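Colleague: Predicted model follows, preceded by the sequence.
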Amino acid sequence: MPPRANAALPDGAEPVITLRNVTRRFAAFTAVDDVSMDIVRGEVFGLIGHNGAGKSTLFKMMLGLLAVSSGDIRISGAPVAGSGARAVRRHIGYLPENVALWDNLTGLETLHFFARLKRIDKAECQPLLERVGLGHAGKRPVRAYSKGMRQRLGFAQALLGKPQVLFLDEPTTGLDPHAIHFFWDTLAELRDQGLTIVLTSHILAELQNRVDRVAVLTNGKVQALGSVEALRDMHDLPIIVQLQLSPQMAPAQRDALLASLPPQLAALPVERQVNGLQFSVPRASKLPLLQQVMAWNGAVQDIQVSEPSLEDMFFGKSQAPVRQTAATGREA
Ligand SMILES: Nc1ncnc2c1ncn2[C@@H]1O[C@H](COP(=O)(O)OP(=O)(O)OP(=O)(O)O)[C@@H](O)[C@H]1O
């Protein structure tokens, strides 16, 4: 289903980046195909898709680094390419996937260099280094920086000039969990200050609780657009309810419990596991099922409920094999 340009826009949202019928061809190949969407002020917007889906191409066009074959892209109403582009770029920060740094410059000298390029007062640089947790390392040469420190320096570079819109290409690739945590905390603060943030990522599990909305690109087209919750509802993938049962429970007792379920719950797909049961449940049946199993006094030792992930929705990674119906044990 092709999404409308404004599908799932939050109420009162103010579009900052607008794309209308954006297409990019390389010779006969269409890398980005008729993409229309709005990205609104103060949201964190994720662009996801398989390798070759068109994310980088779309990103570069939004940055005005690559021309569109047809269509229109604007930031705060101004076209990103053409004569007004320089003014638009002043309000944009960009962290490329592999930021180019010079090993012989110190962190502070690196920021001074970018500040000169962007015609920004270099007094901004030291506070920015501190902002990204590099205040102590500003005088060290970049060759002595770890991957995480380099990424922080790249991030500081993107924040020079107090941009209103931030583009981050695979920003957490190669970072350790501590650095990833720091990065997302900083991003949340920036978002709260009103920045609009667009990022790409392959680590969908990392994105899904941290972005306001996502666009899923498949073969250059927007396959889905909206909040992760809205996309979950749209796809209506089953929720997995996993019950850990008492190890002393005999198979016959377990079957008796399943047989005690009301018919609509007994018809749910279930997998019998060692000391457990795994149900595959439509959202509407989640609470009724949980209410029933809570009444299985003493039999249930633990319950785990797993929502479908973005991977499950778009990249066909099924959550768990589901083979039998609860009551009959037949193939579902
Ligand atoms: N300059 C180019 N010339 C020809 N084809 C290109 C060019 N740039 C990109 N493509 C093609 O366009 C398609 C989309 O590429 P793009 O880099 O935008 O995908 P992506 O979603 O960013 O992938 P990845 O996750 O691997 O970075 C690919 O098939 C790619 O080969």
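Modeller: Nice, I can see it.
Colleague: Shouldn't G174 be within a strand?
Modeller: No. G174: not assigned to a strand; according to DSSP: H, G, I helix; E, B strand; the rest coil it is coil.
Colleague: Relative to the ligand, how far out is the spatially closest residue to it that is not a sequence neighbour?
Modeller: With sequence-adjacent residues excluded and distances taken as Cβ to Cβ, 6 or more residues apart in numbering, G174 is closest to K147, at 5.1 Å. Every residue, glycine included, has its C-beta placed from N, CA and C. When distance is defined by Cβ to the nearest ligand atom, to the nearest Å, K147 is 19 Å away from the ligand.
Colleague: One more: A158?
Modeller: The span separating A158 from the ligand equals 19 Å under the rule Cβ to the nearest ligand atom.
Colleague: Enumerate every residue touching the nearest residue to that residue once chain neighbours are set aside.
Modeller: Excluding the flanking residues, the one nearest A158 by Cβ to Cβ, 6+ apart is G93, at 3.8 Å. G93 sits next to 157-161, 163, 165-167 when contact means Cβ atoms under 8 Å, 6 or more residues apart in numbering.
Colleague: tell me the contacts of N297?
Modeller: With contacts defined as Cβ under 8 Å, 6+ apart, N297 has no neighbours.
Colleague: Quickly find the element holding it.
Modeller: For N297, there is no enclosing helix or strand under DSSP states H and E.
Colleague: how far away is it from the ligand?
Modeller: Applying Cβ to the nearest ligand atom, the value for N297 to the ligand is 51 Å.
Colleague: Could you do R283 as well?
Modeller: 31 Å.
Colleague: can I assume P141 is in contact with N104?
Modeller: Yes. A contact is recorded between P141 and N104 when judged using Cβ atoms under 8 Å, the distance being 6.0 Å.
Colleague: So for the two, which residue has more residues nearby?
Modeller: P141 (15 against 10; other Cβ atoms under 10 Å).
Colleague: For beta bridges, what are the partners of that one?
Modeller: Beta-bridge partners of P141, counted by DSSP bridges, are T106.
Colleague: can you pull the contacts of it?
Modeller: By Cβ under 8 Å, 6+ apart, the contact list for P141 reads 103-106.
Colleague: State the helix or strand in which the residue of the chain most remote from its centre lies.
Modeller: With distances taken as Cα atoms, centre = their mean, the residue sitting farthest from the centre of the chain turns out to be A252, at 44.5 Å. Under the criterion of DSSP H and E, A252 resides in helix 251-259.
Colleague: and what of L290?
Modeller: For L290, the element it lies in under DSSP H and E is helix 283-294.
Colleague: As PDB, could you dump the C-alpha coordinates of that helix?
Modeller: Output for helix 283-294, consisting of C-alpha atoms alone and laid out as PDB, is shown next (Å, rounded to 0.1, in the frame of the first residue of the first chain):
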ATOM      1  CA  ARG A 283      -3.200  -8.300  19.900                       C
ATOM      2  CA  ALA A 284      -6.900  -8.600  20.800                       C
ATOM      3  CA  SER A 285      -6.400 -11.900  22.500                       C
ATOM      4  CA  LYS A 286      -3.400 -11.000  24.600                       C
ATOM      5  CA  LEU A 287      -5.200  -9.800  27.700                       C
ATOM      6  CA  PRO A 288      -7.900 -12.500  27.600                       C
ATOM      7  CA  LEU A 289      -5.100 -15.100  27.400                       C
ATOM      8  CA  LEU A 290      -3.100 -13.600  30.200                       C
ATOM      9  CA  GLN A 291      -6.200 -13.400  32.400                       C
ATOM     10  CA  GLN A 292      -6.800 -17.100  31.800                       C
ATOM     11  CA  VAL A 293      -3.300 -18.300  32.500                       C
ATOM     12  CA  MET A 294      -3.000 -16.200  35.600                       C
END
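Colleague: Each with direction, which strands does the helix or strand just after that helix pair with?
Modeller: Downstream of helix 283-294, the next assigned helix or strand under DSSP H and E is strand 300-306. For strand 300-306, sheet partners with direction are given as strand 239-245 (antiparallel), following DSSP bridges.
Colleague: gap between the partner strand and the chain center?
Modeller: Relative to its chain's centre, strand 239-245 lies at 27 Å (Cα atoms, centre = their mean, to the nearest Å).
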